[in-house]
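>>> with the sequence up front, the predicted model follows.
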Amino acid sequence: MRSRRAVGLFVTAFLLSMGGLAAPSVAQESTLQLSWSAKVSLQVFTATLTCSPNASTQDYHDAYRACSDIAQAGGDFKALPGQPGMNCVGYVRWNVPGLEEFRATATGIWNGQPVSYDIVYKNHCEFRKATGQVFVW
């Protein structure tokens with residue numbers, strides 16, 4: 001029984017170190033103002049994401065995952081893990097007129113460092129592929 005528990009703890013530690021069960025590594029409370037919009041849309045969707053060393057609490061679809069993804073990228077939105085397996089080639093649903101050129105912005109403080117990103121993706125699929133759950137609220 002003792003060896004099974006030791007193996008279980010080892011596997012858990014290994015998965016945490018490899019990012020399989022990654023917890024957000026936020027050294028201090030971090031607050032970001034996030035927004036996204038489509039090029040031809042008059043709507044801009046905005047949210048505030050607050051991540052702290054102990055938890056991610058607010059009215060956000062999956063704040064824990066968003067904070068984890070930003071932590072994994074070291075606060076660099078161009079390095080977000082996103083959804084790399086997503087296939088955007090020839091997927092008609094993502095090429096709806098008005099949903100091309102998605103603009104995503106992030107400003108605020110991440111682990112004590114200023115964040116200022118303004119990124120344009122060629123369509124909604126590329127936007128989701130690159131940003132994953134960070135801009136989902």
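Cool, got the structure. Since the structure is predicted, the reported quantities are computational estimates derived from the model, not experimental observations.
>>> helices or strands next to the host helix or strand of residue 69 in the packing?
According to DSSP states H and E, residue 69 maps onto helix 63-72. Here helix 63-72 touches strand 30-38, strand 45-51, going by 3 or more C-beta pairs under 8 Å, 6 or more residues apart in numbering; DSSP states H and E. Every C-beta, even on glycine, is put in place using the N, C-alpha and C of the backbone.
>>> pick the most buried one from those.
With neighbours defined as mean count of other C-beta atoms under 10 Å, the helices and strands packed on helix 63-72 peak in mean count at strand 30-38, which reaches a mean of 19.
>>> okay if I get the helices and strands packed on helix 63-72 as JSON lines plus distance to residue 120 and mean pLDDT?
As requested, those are exported to JSON lines (distance: least, C-beta to C-beta, whole Å; pLDDT from 0 to 100):
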{"stretch": "strand 30-38", "distance to residue 120": "10", "mean pLDDT": "91"}
{"stretch": "strand 45-51", "distance to residue 120": "15", "mean pLDDT": "90"}
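>>> so can I have JSON lines of these showing distance to residue 64?
JSON lines is the format used below for the helices and strands packed on helix 63-72 (distance: least, C-beta to C-beta, whole Å):
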{"stretch": "strand 30-38", "distance to residue 64": "14"}
{"stretch": "strand 45-51", "distance to residue 64": "9"}
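>>> of those strands, which is nearest residue 121?
Relative to residue 121, the nearest member of the helices and strands packed on helix 63-72 by C-beta to C-beta is strand 30-38, separated by 9.2 Å.
>>> packing partners for that closest one?
For strand 30-38, the packing partners by 3+ C-beta pairs under 8 Å, 6+ apart come out as strand 45-51, helix 63-72, strand 100-110.
>>> reformat the ones you listed as TSV; add distance to residue 129.
Output for the helices and strands packed on strand 30-38, formatted as TSV (distance: least, C-beta to C-beta, whole Å):
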stretch	distance to residue 129
strand 45-51	18
helix 63-72	13
strand 100-110	11
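>>> right, so those: which one is the most enclosed?
Across the helices and strands packed on strand 30-38, the average number of neighbours (mean count of other C-beta under 10 Å) peaks for helix 63-72, which reaches a mean of 21.
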